[in-house]
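Peer 1: What follows is a predicted protein model with its sequence.
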There are 2 protein chains.
Amino acid sequence: MKNLERLFSQTAKAIRSSEIRDLLKLVAKPNIISFAGGMPDPSSFPKSELVKIAEYVATEKTELAFQYGPTEGMPQMLEFLSQKFKSQGIDAAVNTLLITSGSQQALDIIGKIFLDPRDLVMTEEPAYLGALNAFRQYRCNFVPIACDSEGLQVDVASEQLKKLDRGGGSLPKLIYTNPTFQNPTGSVMPVSRRKKLVDLACEYDIFVVEDDPYSRIYFEEEPPPSIKSFDKEGHVIFLSTYSKILSPGIRLAYLCAQPELIKKMAIAKQALDLCTSSLSQILGYEYEKRSYEEKKIREIRENYKRKAELMISCMEENFPDGCEWTKPKGGMFTWVKVPSPLNTKEMLPKAIEKGVAYVVGTAFYANGGGEQGMRLNFSYPTHEEIKKGIKRLSEIIRDQI
Amino acid sequence: MKNLERLFSQTAKAIRSSEIRDLLKLVAKPNIISFAGGMPDPSSFPKSELVKIAEYVATEKTELAFQYGPTEGMPQMLEFLSQKFKSQGIDAAVNTLLITSGSQQALDIIGKIFLDPRDLVMTEEPAYLGALNAFRQYRCNFVPIACDSEGLQVDVASEQLKKLDRGGGSLPKLIYTNPTFQNPTGSVMPVSRRKKLVDLACEYDIFVVEDDPYSRIYFEEEPPPSIKSFDKEGHVIFLSTYSKILSPGIRLAYLCAQPELIKKMAIAKQALDLCTSSLSQILGYEYEKRSYEEKKIREIRENYKRKAELMISCMEENFPDGCEWTKPKGGMFTWVKVPSPLNTKEMLPKAIEKGVAYVVGTAFYANGGGEQGMRLNFSYPTHEEIKKGIKRLSEIIRDQI
């Protein structure tokens, strides 16, 4: 190829590698303790249950598991999910559901059907970087709203929307939020804000994208009902996944939205991958149907709770004054702030040299900022690694002060 | 939602349901014999082998199969494919490979990194409709080149490129071809055309996209080497899949292209689905490593050969004068032409009423045309269904004449 660059699309010219991506590669290197990534503890995989299901499926459900399936998802899976939603007070008919190849694909499909270049997306700040990456490929602009300890500040969002509306410019098409054990801060949005957010979406006739991978992973108290459960007029697109409660490797997730959207999304998905792995769908379906989750989720909660507590007590013990961190009551992450003028991006190569990795704060800031932040994952590393890794990290921070 | 339409992207406004999609839904209805779709015969799934692999993987490879993996693909899978390509005379280093969630995803990624609105893609006419759908979402324009019994007429393509070049307008960025047992016609491009196509891509410094799902499914004679094997300067993007030789339901495919492209593609794929199902990858890897394919593929060839011959002899026996059809020497499809002024799109509702389905020809024509064509699949229906279905179809055609 003589001149490759001229053939790339505007999108290809704009896309860049994500910080999490480059870091995930380091996990493979020996002696590196990684608090980057967002992987479940491998012990959370229901091994014996999966062996049973795998045997059953390969023997009894061969055609279903290995043949193409409908783009929307396997009918029995959709029917099951519809009933499950109903038991949670969400009236989700089968035609409001779409099975996706992980929630990442759901985010991509949302970007595809809504976003033209320069369209606006309102997001939390900091926000889940996978969502920023998915939307960014459609060359949208972001309107970040700062989070506090209760997540997205809905009052600030309201003011911002009012200002944009008064100014006569365009409004965001979407408000993206991760309201329950937020990635990266671990915060939980209270009911009042959830309701207010639905009201805002109604007022401006736009969509809330509620990304909910972690609500089942609470340590003690069950989190509030989903934003979707307060949505009476179809303004919320709800995303859930099997990645954190069964397996991320099977790439199985689903979304719930009004039927007109599901129709568009299914056509878009058909051009993306025809359908989500039938094998993954039947594994997920059997796992649910056999109620294996009920038992396993208790183990996961207990396991992650202990790891989170350990990480926090290690930080309390080792981190120098001026550092702050969140104390999540569920999920997989804590968000750490180092004192200014320290910069987590500049610190990272030293951290890696010392054998510890994290995700730099800037990755979660759509429009710049976050230099003092870092996301630490506590679900994947062992207790030993958490102790050692936090010690290493504290030494690096102390070196920098 | 008061006004949904205003929120849709240009892409969402442009996308439309595909004919194959709407038809696949009919397969589920009882009493309909479907020659639509492109599904393997369920008997081709290596059931006992899959049971063995599934047990082994769930027991021994739990973490690998159920955890997130690298976006590019599992290292051992990439290494295996690299060796496999080398044995076929293609110097495919690991960094020239990308595992995708079916070839449909590969086509979407190619569209994403190359195509801006109004960019040109040269295609066969008729061309695989899944590729047209994938590229169409990027709002490109098509330059269709008629196929003859030896596939894409490369001389015509050459003339067309010369004309576009002389006219000073833009050239196509991609030439899409399905050279071996083409979907929908079953044609095979001879070596001379394959070499000529590589020369053309070099001359105009553009890419050939070689989509190759069927080359392993030859009935007697092995088809010519891939176009990729004649590519010395990185002008060919080669797509292959496990959908037709192992299982379409696991959504496992791969592509080979120059490293600069793989880098861009991997970043694009990360925003699409993070990675292809780890479970699917390890199933495909074990299937290959254990050489299960070698045995199974002989059965598939023999099975599809008999079905193709049966379908053709049924057409010879039943179809009225003026109908024509291709006699494929591999793959899954035959292409039928009914005499003018018959129109397969207008005929379809009657066919469905009579209990037989096919894909209308117009679906394979990027810029209109194909009204007399229809694609018939012979891999999925049973012998009994082929006999009955062709009889039904012939009655409908006779009714129309």
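Peer 2: That came through, no problem. Numbers count the residues shown, from 1 in each chain, chains lettered A, B, ... in the order given.
Peer 1: shaky segments in chain A?
Peer 2: Applying pLDDT under 70 to chain A flags the ranges A:16-28.
Peer 1: Domain boundaries for it, per the record?
Peer 2: For chain A, automatic domain parsing gives the domain ranges A:5-46+A:294-400, A:47-292.
Peer 1: For the stretch 151-300 of chain A, which segments are assigned as strands?
Peer 2: Here the stretch 151-300 of chain A has its strands, by DSSP state E, counting those that start in this stretch, at A:151-152, A:174-177, A:207-211, A:236-241, A:253-256.
Peer 1: could you dump the domains of chain A to a markdown table with mean neighbour count and distance to B:Gln153?
Peer 2: In this view, the C-beta of every residue, glycine as well, is placed from N, C-alpha and C. Shown next, in a markdown table, are the domains of chain A (neighbours: other C-beta atoms under 10 Å in any protein chain shown; distance: least, C-beta to C-beta, whole Å):
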| stretch | mean neighbour count | distance to B:Gln153 |
| --- | --- | --- |
| domain A:5-46+A:294-400 | 18 | 24 |
| domain A:47-292 | 21 | 27 |
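Peer 1: now the strands of the stretch 151-300 of chain A as a markdown table including distance to B:Glu49?
Peer 2: Shown next, in a markdown table, are the strands of the stretch 151-300 of chain A (distance: least, C-beta to C-beta, whole Å):
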| stretch | distance to B:Glu49 |
| --- | --- |
| strand A:151-152 | 49 |
| strand A:174-177 | 44 |
| strand A:207-211 | 39 |
| strand A:236-241 | 30 |
| strand A:253-256 | 29 |
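Peer 1: Out of the ones you listed, the one nearest A:Glu302 is which?
Peer 2: strand A:236-241 (21.0 Å; C-beta to C-beta).
Peer 1: In terms of helices and strands, where is A:Leu64?
Peer 2: Assigned by DSSP states H and E, A:Leu64 belongs to helix A:62-66.
Peer 1: Does anything pack onto that helix? Which helices or strands?
Peer 2: On a contact count with 3 or more C-beta pairs under 8 Å, 6 or more residues apart in numbering or on different chains; DSSP states H and E, helix A:62-66 meets helix A:47-60, helix A:278-289, helix B:47-60.
Peer 1: Please work out which residues outside that helix touch it.
Peer 2: By C-beta atoms under 8 Å, 6 or more residues apart in numbering or on different chains, the list of residues contacting helix A:62-66 from outside reads A:57-58, A:74, A:278-279, A:282, B:42, B:45, B:47, B:50, B:246-250.
Peer 1: how far off helix A:278-289 does the helix or strand following it point, in degrees?
Peer 2: Using DSSP H and E, the helix or strand that follows helix A:62-66 in sequence is helix A:75-87. Per axes from the mean of the first three to the mean of the last three C-alpha atoms, to 10 degrees, the angle that helix A:75-87 makes with helix A:278-289 is 40 degrees.
Peer 1: Give me the distance between helix A:75-87 and the centre of its chain.
Peer 2: 22 Å (C-alpha atoms, centre = their mean, to the nearest Å).
Peer 1: tell me the angle that helix makes with strand A:236-241.
Peer 2: 120 degrees.
Peer 1: What is helix A:75-87 packed up against?
Peer 2: Against helix A:75-87 (3+ C-beta pairs under 8 Å, 6+ apart) you get strand A:97-100, strand A:253-256, helix A:278-289.
Peer 1: closest to A:Ala157 out of those?
Peer 2: strand A:253-256 (22.0 Å).
Peer 1: of all the domains of chain A, which lies closest to B:Val191?
Peer 2: Comparing those by C-beta to C-beta, domain A:5-46+A:294-400 comes nearest, at 26.8 Å.
Peer 1: for the closest one, the distance to its chain's centre please.
Peer 2: 15 Å.
Peer 1: Quick one: end-to-end distance for it.
Peer 2: 40 Å (C-alpha to C-alpha, to the nearest Å).
Peer 1: Rebuild the helices and strands packed on helix A:62-66 as TSV, extending it with distance to B:Met347.
Peer 2: Below are those laid out as TSV (distance: least, C-beta to C-beta, whole Å):
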stretch	distance to B:Met347
helix A:47-60	39
helix A:278-289	32
helix B:47-60	38
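Peer 1: picking up where we left off before, with distance to chain B added, can I get the helices and strands packed on helix A:75-87 in TSV?
Peer 2: Shown next, in TSV, are these (distance: least, C-beta to the nearest C-beta, whole Å):
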stretch	distance to chain B
strand A:97-100	8
strand A:253-256	10
helix A:278-289	3
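Peer 1: Name the strands paired with the longest strand anywhere in chain A and say parallel or antiparallel.
Peer 2: Longest strand in chain A by number of residues (criterion: DSSP state E): strand A:141-148. Next to strand A:141-148 in the sheet, as set by DSSP bridges, lie strand A:120-125 (parallel), strand A:151-152 (antiparallel).
Peer 1: between the first one and strand A:207-211, how big is the angle?
Peer 2: This means strand A:120-125. 40 degrees.
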